[in-house]
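K.L.:
okay, here's the prediction I keep looking at, along with the sequence it came from:
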Amino acid sequence: MFDFLILGGEVLDGSGAPARRADVAIAGDRIAAVGDLAQAEARTVLPAAGSIVCPGFIDVHSHSDTFLLLEPSAPSKIFQGVTTEIVGNCGASTAPRTGAYMLPSDWRDKRYPGAWSSVAEYRALLEQVRPAVNVVLLIGHNAIRAGILGYVARPAQAGEVRAMEQLLERALDEGGAGLSTGLIYTPGRYAAPEELRALTAVAARLGKMYTSHMRSEGDQLLEALDETIGLAQATGIRVEISHLKTAGRRNWGKVDAALDKIRAARAAGLAIAADRYPYTASCTELDVILPGWAAGDGRAAVLARLREPATRRRLRDELLWRVASYSSTKGTEMHTTKCSSPSFVNSLCAAPCRERTAESTTFVSMTILDRLSIAVS
Ligand SMILES: [Zn+2]
Ligand SMILES: [Zn+2]
């Protein structure tokens, strides 16, 4: 007597073999038999004729870290066939929470079923809510860096790097599967190459991996790839390049050179892979539009800068140039979902964003940042 019998589906077993008609029996949490099981008995029989039966999908780039605590049944993933999520990408993870580290803005103001600080505490809480998906946790570089240095806009000193190494090592020992960076975000963007080399060396020594939202996905894409591949060369770390893309019309032609670099690194024996998502817009924290010189030293400093007329003019000019130079023929689409006052944004964005001109997008972005004090870490 099996627990489940899935009858009459087309089985794709994940090996690359073509689909074949077969029944699948499950006992406990294991596949017990595959074949012609029409005569077998089970507590639950699931007719699957006309359907594909396959292993669950792995979502390799997820930011569900805290949402799984709030919605452990994970319907948005389960209904797509996703049964494993790799969370903590792009330098942002829920744990460890130490020092000045603040959760990203859309995680910060939720009510969670319990408190956590360390990775071990976060994992205990996750086990308590029993999420429907398997969870693999990456440790965010921004959590590590902000935990030791706060949000300062400068390279780390030797003692600070050592403290980061220790914090990362503990987080990995407590169940982190690897280190992730988000090198366009504050404060990760201020990390010098030596800092990343030291931290990836820790992860490599522990047999863990490295994923990176690289420093550039457009104008400096190829240089960013060199930096990432260089870390694999220097430390032997396994690398996943997150959401590989060539952003900005003038960079579209770089895709061949980018893939050639990855192929060459793989051919040389480095363990490097990449993933990408199948849409053309982008969606992230709003403060990411600020250039490095304007984004550092914490929320109060950023907002003070945004209120100085001269700085504001300089920012406006830089942002206009950047947005305009990135535009496709339809203009730039900037999606911002991480705002604490959707009605305000809707009313402000409604007219100018219909046209989606570079100027209106920049104006709206700066105004929102300034008035609402949002998303500025
Ligand atoms: Zn991401
Ligand atoms: Zn990212």
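P.N.:
Received it, and whenever you're ready, just let me know what you need. Ligands and ions are numbered 1, 2, ... in the order given.
K.L.:
ranges for the helices of the stretch 51-200 of the chain?
P.N.:
Under the criterion DSSP state H, counting those that start in this stretch, the stretch 51-200 of the chain carries helices at the ranges 67-70, 75-78, 105-108, 119-129, 141-149, 158-173, 193-205.
K.L.:
which among the ones you listed is found nearest to ligand 2?
P.N.:
The stretch from the helices of the stretch 51-200 of the chain with the least distance to ligand 2 (C-beta to the ion) is helix 141-149; that distance is 11.3 Å. C-beta here means a position set from N, CA and C on the backbone, and glycine is covered the same way.
K.L.:
what packs against that closest one?
P.N.:
Judged by 3 or more C-beta pairs under 8 Å, 6 or more residues apart in numbering; DSSP states H and E, helix 141-149 is in contact with helix 158-173, strand 178-182, helix 193-205.
K.L.:
export those to TSV and tack on mean pLDDT?
P.N.:
As requested, these are arranged in TSV below (pLDDT from 0 to 100):
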stretch	mean pLDDT
helix 158-173	98
strand 178-182	98
helix 193-205	98
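K.L.:
most tightly packed of the ones you listed?
P.N.:
Each of the helices and strands packed on helix 141-149 was assessed for mean neighbour count using mean count of other C-beta atoms under 10 Å. The highest is strand 178-182, with a mean of 28.
K.L.:
can you pull the pLDDT of the residue nearest to Pro155 when sequence neighbours are not counted?
P.N.:
With C-beta to C-beta, 6 or more residues apart in numbering as the criterion, Pro155 has its nearest non-adjacent residue at 4.1 Å, and that residue is Ala192. Looking at Ala192, its pLDDT is 96.
K.L.:
run a quick neighbour tally on Ala192.
P.N.:
For Ala192, the tally of surrounding residues (other C-beta atoms under 10 Å) stands at 12.
K.L.:
report the separation between it and ligand 1.
P.N.:
Counting by C-beta to the ion, to the nearest Å, the separation of Ala192 from ligand 1 is 22 Å.
K.L.:
over to Gly9?
P.N.:
According to C-beta to the ion, Gly9 and ligand 1 sit 33 Å apart.
K.L.:
that residue - that's part of a strand, no?
P.N.:
Yes. Remark: Gly9 belongs to a strand, assigned using DSSP: H, G, I helix; E, B strand; the rest coil.
K.L.:
number of residues surrounding the nearest residue to it once chain neighbours are set aside?
P.N.:
Distances taken as C-beta to C-beta, 6+ apart place Ala48 nearest to Gly9, at 3.3 Å, with adjacent residues excluded. By other C-beta under 10 Å, the residues close to Ala48 number 19.
K.L.:
for Ala48, give me its contacts.
P.N.:
Taking C-beta atoms under 8 Å, 6 or more residues apart in numbering as the definition of contact, the neighbours of Ala48 are 6-9.
K.L.:
again, 6 Å this time
P.N.:
Contact partners of Ala48, counting by C-beta atoms under 6 Å, 6 or more residues apart in numbering, are 6, 8-9.
K.L.:
in JSON lines: those residues, plus distance to Gly298.
P.N.:
As requested, the contacts of Ala48 are exported to JSON lines (distance: C-beta to C-beta, whole Å):
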{"residue": "Ile6", "distance to Gly298": "54"}
{"residue": "Gly8", "distance to Gly298": "60"}
{"residue": "Gly9", "distance to Gly298": "55"}
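K.L.:
tell me the one among those nearest to Glu169.
P.N.:
Top of the list for closeness to Glu169, among the contacts of Ala48 and by C-beta to C-beta, is Ile6 at 43.3 Å.
K.L.:
confirm that closest one sits in a strand?
P.N.:
Yes. Secondary structure of Ile6, determined by three-state DSSP: located in a strand.
K.L.:
and it, what are its bridge partners?
P.N.:
Here Ile6 sits in beta bridges with Val24, Leu46, as judged by DSSP bridges.
K.L.:
give me the pLDDT value at the residue in the chain that ligand 1 sits nearest to.
P.N.:
Ligand 1 sits closest to Cys90 of the chain, with a gap of 3.5 Å, by C-beta to the ion. The per-residue pLDDT reported for Cys90 equals 96.
K.L.:
if we can go back for a sec, would a markdown table of the helices and strands packed on helix 141-149 with distance to Ala257 be doable?
P.N.:
Rendered in a markdown table, the data for the helices and strands packed on helix 141-149 read as follows (distance: least, C-beta to C-beta, whole Å):
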| stretch | distance to Ala257 |
| --- | --- |
| helix 158-173 | 32 |
| strand 178-182 | 22 |
| helix 193-205 | 21 |
